[in-house]
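In: this one's structure only:
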């Protein structure tokens with residue numbers, strides 16, 4: 001017998017003793033995700049149970065967030081979300097490196113993984129280093145990811161709480177199909193709700209954000225945050241797609257150990273990333289190019305500080321000398337290949353470079369110059 005949405009809601013209520021799940025807008029995504037579990041994972045009870053546990057954990061955090069707001073609404077209302085400056089682009093195009101580089105500047109507030117996993121109560125500036133939620137051991141680095149204990153995390157985990165997150169790593173393609181055409185407008189009032197909670201006791205209030213969802217949700221994002229400015233990274237899709245397949249496959253296996261990537265997975269990943277690029281290009285035409293700054297991964301590797309200076313000029317921000325020096329030091333320690341070589345091929349995921357380039361032809365016509373290595 002399939003687990004119903006109400007049964008999962010009851011599990012969360014019992015764990016917390018709370019009943020308020022907060023503002024509407026999450027229910028449709030929640031119900032579609034729950035409905036997809038038996039369809040996509042019904043022949044693997046352990047995998048289905050794991051995804052149900054993940055869903056309940058998200059509901060528990062929603063309840064705890066509302067419990068906090070019931071007592072601390074004035075704190076959340078005290079400071080608006082400034083900016084934000086938002087890094088967008090397909091995964092594996094330099095978004096993480098750009099996020100880490102800009103996060104060096106203390107004028108930005110960014111989300112850390114540990115505070116997103118367990119956001120209540122919000123961290124406090126004076127005591128966050130000893131916060132019991134914060135890992136005291138260093139984070140293991142690998143060839144695929146830049147990761148540190150207090151480094152910037154994608155705000156994807158906020159969208160998980162409103163059931164508007166990208167479904168790539170959950171192993172539920174039925175939900176993924178729904179998600180790509182869903183209305184994500186309601187994601188951003190809740191997104192702001194979480195940012196206000198997080199910065200209520202831990203300034204500053206100018207946010208630096210990054211999330212893979214943004215390629216699909218750009219219009220709703222920009223509408224909710226009219227002062228947001230977007231830095232869009234670019235890389236040759238011939239390299240992006242197999243690299244993304246490799247990373248998504250690894251993260252899926254972390255949740256579903258028995259899952260294996262096949263040609264259908266490769267095609268789904270290609271279609272998902274291509275769909276995001278097409279959606280973002282269409283949204284840019286409506287929003288206006290003045291809100292966007294484009295930078296290619298080749299420039300981020302060969303002239304990172306030149307790219308940073310142009311980003312700051314675009315965003316109307318001041319780059320202080322001490323921040324510049326810290327950024328230069330970081331780039332010297334995080335050159336391409338410094339954590340090893342990430343090996344992947346399109347063919348191992350049933351794809352060819354020809355079909356990738358054909359799919360991204362319109363994108364390459366417009367942004368291909370940013371993808372080329374000079375010299």
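Out: Cool, the structure landed. Since we're looking at a predicted model, the values are computed, not measured.

In: How far off centre is stretch 116-125?
Out: Using C-alpha atoms, centre = their mean, to the nearest Å, the mean C-alpha position of stretch 116-125 is found 18 Å from that of the whole chain.

In: Let me see the mean pLDDT of that stretch.
Out: Confidence over stretch 116-125 (mean pLDDT, whole number) is 97.

In: So which residues make contact with it?
Out: Here stretch 116-125 makes contact (C-beta atoms under 8 Å, 6 or more residues apart in numbering) with 61, 64-65, 67-68, 115, 131, 133, 153, 155, 157-158, 194, 197-203. The way it works is simple: take the backbone N, C-alpha and C, and place the C-beta from them, glycine included.

In: residues of it that come out buried?
Out: Across stretch 116-125, burial judged by 16 or more other C-beta atoms under 10 Å covers 116, 118, 119, 120, 122, 123.

In: repeat for stretch 31-40
Out: Neighbour counts using 16+ other C-beta under 10 Å place 32, 33, 34, 35, 36, 37, 40 of stretch 31-40 among the buried residues.

In: Closest one of these to residue 57?
Out: Nearest to residue 57 among the buried residues of stretch 31-40 is residue 33, at 12.9 Å by C-beta to C-beta.

In: isn't the closest one right up against residue 172?
Out: Yes: between residue 33 and residue 172 a contact is recorded at 6.8 Å, counting by C-beta atoms under 8 Å.

In: Redo the buried residues of stretch 116-125 as TSV? Include distance to residue 163 and secondary structure.
Out: Output for the buried residues of stretch 116-125, formatted as TSV (distance: C-beta to C-beta, whole Å; DSSP: H, G, I helix; E, B strand; the rest coil):
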residue	distance to residue 163	secondary structure
116	15	helix
118	19	coil
119	16	coil
120	18	coil
122	22	coil
123	25	coil
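
In: Confirm residue 257 sits in a helix?
Out: No: going by DSSP: H, G, I helix; E, B strand; the rest coil, the assignment for residue 257 is coil, not a helix.

In: Identify the residues contacting it.
Out: Counting by C-beta under 8 Å, 6+ apart, residue 257 has no contacts.

In: From residue 47, how far out is it?
Out: 9 Å (C-beta to C-beta, to the nearest Å).

In: The helix or strand hosting residue 230 pairs with which strands, parallel or anti?
Out: For residue 230, the host element (DSSP states H and E) is strand 229-234. Here strand 229-234 is paired, per DSSP bridges, with strand 82-88 (parallel), strand 292-296 (parallel).

In: quick one: low-confidence parts of the stretch 251-375 of the chain?
Out: Along the stretch 251-375 of the chain, segments meeting pLDDT under 70 span 336-342, 374-375.

In: ranges for the helices of it?
Out: Using DSSP state H, counting those that start in this stretch, the helices assigned to the stretch 251-375 of the chain run over residues 263-287, 297-302, 304-315, 321-333, 353-359, 361-371.

In: Good, we can wrap up now.
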